[in-house]
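1. Take this sequence and fold it.
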Amino acid sequence: MLQRLKLQSPKLQNLKLQSLKNATKKRWFWRGITILVLILIILLGTVTAELFVWPATGSMPAKVDAIVVLGGQGDRLDYAMQLARENRAPYLVLSRGLGYLPPGICTEHVGSATVICFQPNPYTTQGESEAFAKLAKQYSWRSVALVTSQEQAWRARLWFGRCDPSGQFYSVGPKIPLSAVIPGGVIYEWGATVKAEVFNRSC
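-> This is a model prediction of the structure:
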């Protein structure tokens, strides 16, 4: 009986050692997965912040060829009208995708700026960029201030740059509360960005 136990003892030790090795491998595997997920979350958060929350918009020149107001969140119209009153551009261009435009504004001047209203089709940033490109060609606009809010700024420059590659675009506009950007605005912008970069890369 003692001999049998002695013979079995090394086998049991080997089994325990192998089991310990397997458990250690599993722990390291799941630690690696956890670290990888954390890295991906940090990267996603960093890119999200840079593109949609605190985008680098650059500084608008003292004067541009046109101020273009896109549809979306924030008090964009008042912001753009103030720029026009400061004589920052000879044209103030308004998208009818804004939803509300003061009666008669499309035939008026704001400061010294001539107001032009345009109809995007569809009512999206892509539709606005397509309609704008025709106006830019007609009026020979090159430098343009795009009045947006921060979550749309990067994607607006993407679309307008595609539709009018010769233009120089500067994103400006009122800052909206982070509660209006996160999470709804960020989720929407990620979906729209993936669509623009993967499924619809033409103007």
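2. show me where pLDDT drops low in this structure?
-> 1-18, 20-23, 58 (pLDDT under 70).
3. Pop the domain breakdown of it in here.
-> Per the record, the chain has its domains at 1-53, 66-199, by automatic domain parsing.
4. okay if I get the ones you listed as a markdown table plus mean neighbour count and distance to S59?
-> For the C-beta atoms, the positions are set from N, CA and C on the backbone; glycine is no exception. Formatted as a markdown table, the domains of the chain follow (neighbours: other CB atoms under 10 Å; distance: least, CB to CB, whole Å):
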| stretch | mean neighbour count | distance to S59 |
| --- | --- | --- |
| domain 1-53 | 11 | 17 |
| domain 66-199 | 18 | 8 |
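5. Please save the CA atoms from stretch 64-71 in CSV.
-> Written as CSV, here are the backbone C-alpha positions of stretch 64-71 (Å, rounded to 0.1, in the frame of the first residue of the first chain):
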residue,chain,number,x,y,z
VAL,A,64,-12.8,85.7,-45.1
ASP,A,65,-14.8,85.5,-48.3
ALA,A,66,-17.9,84.1,-46.7
ILE,A,67,-19.4,83.2,-43.3
VAL,A,68,-21.5,80.0,-43.7
VAL,A,69,-24.0,79.0,-41.0
LEU,A,70,-24.8,75.3,-40.9
GLY,A,71,-27.8,73.6,-39.3
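6. list the contacts for the residue nearest to N121 when sequence neighbours are not counted?
-> Using CB to CB, 6 or more residues apart in numbering and skipping the chain neighbours, the partner closest in space to N121 is G127 (5.3 Å). Residues in contact with G127 (CB atoms under 8 Å, 6 or more residues apart in numbering) are G97, P120, N121.
7. Over to A145?
-> A145 neighbours (CB under 8 Å, 6+ apart): M60, V64, A66, I67, V68, L83, R88, A89, F169, Y170, V172.
8. Give me the subset of those that lies in strands.
-> Secondary structure from DSSP state E places A66, I67, V68, F169, Y170, V172 of the contacts of A145 in strands.
9. Tell me which residues touch the fifth one, please.
-> Y170 sits next to T57, G58, S59, M60, P61, V64, S143, V144, A145, L146 when contact means CB under 8 Å, 6+ apart.
10. ok, now with 7 Å
-> T57, G58, M60, V64, A145, L146 (CB atoms under 7 Å, 6 or more residues apart in numbering).
11. State the pair within these that is farthest apart.
-> T57 and V64 (13.5 Å; CB to CB).
12. Which one's more surrounded, those two?
-> V64 (23 against 17; other CB atoms under 10 Å).
13. Which residue is the nearest non-sequential neighbour of that one?
-> S143 (4.2 Å).
14. Output the one helix or strand E151 maps to as CSV, nothing but the C-alphas.
-> Counting by DSSP states H and E, the element that carries E151 is helix 150-163. Extracted in CSV, the C-alpha atoms of helix 150-163 (Å, rounded to 0.1, in the frame of the first residue of the first chain):
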residue,chain,number,x,y,z
GLN,A,150,-17.8,71.9,-31.4
GLU,A,151,-19.1,68.3,-32.0
GLN,A,152,-19.8,69.0,-35.7
ALA,A,153,-16.7,71.1,-36.5
TRP,A,154,-14.3,68.4,-37.7
ARG,A,155,-16.9,66.6,-39.8
ALA,A,156,-18.0,69.9,-41.4
ARG,A,157,-14.5,70.6,-42.5
LEU,A,158,-14.3,67.1,-43.9
TRP,A,159,-17.4,67.4,-46.0
PHE,A,160,-16.8,71.0,-47.2
GLY,A,161,-13.2,70.2,-48.1
ARG,A,162,-14.3,67.2,-50.2
CYS,A,163,-16.9,69.2,-52.1
